[in-house]
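Enquirer: Predicted model follows, preceded by the sequence.
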Amino acid sequence: MKHIEFVVSDHKLKATLFFPKNLQKKNPSILFIHGWTSARDRSYQYAEALAKLGYISFLFDMQGHGESEGDINTATTKEFLDDVLAAYDYFMKVEGVDTENVGVVGSSFGGYLGILLSEKRNVKRLALRVPADYPNDAFDKSKMVTSGGDNPVVIAWRAKPKDVHGTYALDALSKFTGDMLIIESEKDIVVPHQSIQNYINVIPDRDRLTHVVMKNAPHSAPAGPFRNIVEHTLVDWFRKWV
């Protein structure tokens, strides 16, 4: 484990690298993108497990989250995507990273951002846990104002069927040709099943999709049984590319 920091638009963002014990010249690599109001340390358990498979992982706190600088109350979705792009670019310069074998693990808002990232950078596979979606007109607005969470207007919007042109994320995912894992929570009231189904419907090659439904699980994955299930699911899926 190595703690580092990098700068995005004058904000210092904190990050952590996890390395496999037997580091090779080129190692498969994973960028983690946490959810709204979350932080990088909630995925340490997953990164530690994946390091045992041989992966280098990069976890960072977006601006206004965790230990990073910035104002969570004013930052826009576009600015959070800029954080993700900068994190990816920094990660690709880390010694030992195989830039042609990069995966992304995104949770909720992080899943949404991971999908957008895949359209702008080289991403071989996407692992999305309860990936959220957002209206296009919210992209340049304060994320705090347009957040999902317990916002009934956003939740009702997510429960409606949408086609490939419905959102930026649906359009981006329709162009993604890599392997995908979607982890859905059965009791999720923040990202309802229809929102997950909207994503599934636009995937160009369903043979490359693994869809897992966590029984009785809520939107969040607190430490304990549910987080352990996520860990085992990620390890089983990612071991194919070591």
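Expert: Everything's here; your move.
Enquirer: what comes up buried for stretch 121-137?
Expert: 121, 123-134 (16 or more other C-beta atoms under 10 Å). Yep, even glycine has a C-beta here, placed from its N, CA and C like the rest.
Enquirer: Mind checking which of the residues you listed land in helices?
Expert: Among the buried residues of stretch 121-137, no member falls in helices (DSSP state H).
Enquirer: And the furthest pair within these?
Expert: Longest distance between any two of those is 24.8 Å, between K124 and Y134; criterion C-beta to C-beta.
Enquirer: Just list the residues touching the residue lying closest to A15 once chain neighbours are set aside, thanks.
Expert: With sequence-adjacent residues excluded and distances taken as C-beta to C-beta, 6 or more residues apart in numbering, A15 is closest to F60, at 3.7 Å. With contact set as C-beta atoms under 8 Å, 6 or more residues apart in numbering, F60 has these partners: 6, 13-16, 32, 40, 68, 83, 87.
Enquirer: Would you convert those residues into CSV that also reports secondary structure?
Expert: CSV is the format used below for those (DSSP: H, G, I helix; E, B strand; the rest coil):
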residue, secondary structure
F6, strand
L13, strand
K14, strand
A15, strand
T16, strand
F32, strand
R40, helix
S68, coil
D83, helix
A87, helix
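Enquirer: Closest to N22 out of those residues?
Expert: T16 (19.8 Å).
Enquirer: from memory G103 sits against R121, does it?
Expert: No. With contacts defined as C-beta atoms under 8 Å, G103 does not count as touching R121, sitting 12.0 Å away.
Enquirer: so where's the protein uncertain?
Expert: For the chain, the stretches with pLDDT under 70 are 148-149.
Enquirer: what's the residue closest to the geometric middle of it?
Expert: G106 (1.2 Å; C-alpha atoms, centre = their mean).
Enquirer: what residues are up against G103?
Expert: Each residue near G103 by C-beta under 8 Å, 6+ apart is listed here: 28-31, 123-127, 238, 241.
Enquirer: Kindly report the same for E79.
Expert: Counting by C-beta under 8 Å, 6+ apart, E79 has contacts 9, 63.
Enquirer: That one: helix or strand, and which one exactly?
Expert: helix 77-91 (DSSP states H and E).
Enquirer: With G70 instead?
Expert: Assigned by DSSP H and E, G70 belongs to neither a helix nor a strand.
Enquirer: Just give the nearest non-adjacent residue to G110, would you?
Expert: Nearest non-adjacent residue to G110, counting by C-beta to C-beta, 6+ apart: I33, 3.4 Å away.
Enquirer: Kindly tell me how buried the one you found is, as a neighbour count.
Expert: 31 (other C-beta atoms under 10 Å).
Enquirer: Quick check: bridge partners of it?
Expert: For I33, the beta-bridge partners are G106 (DSSP bridges).
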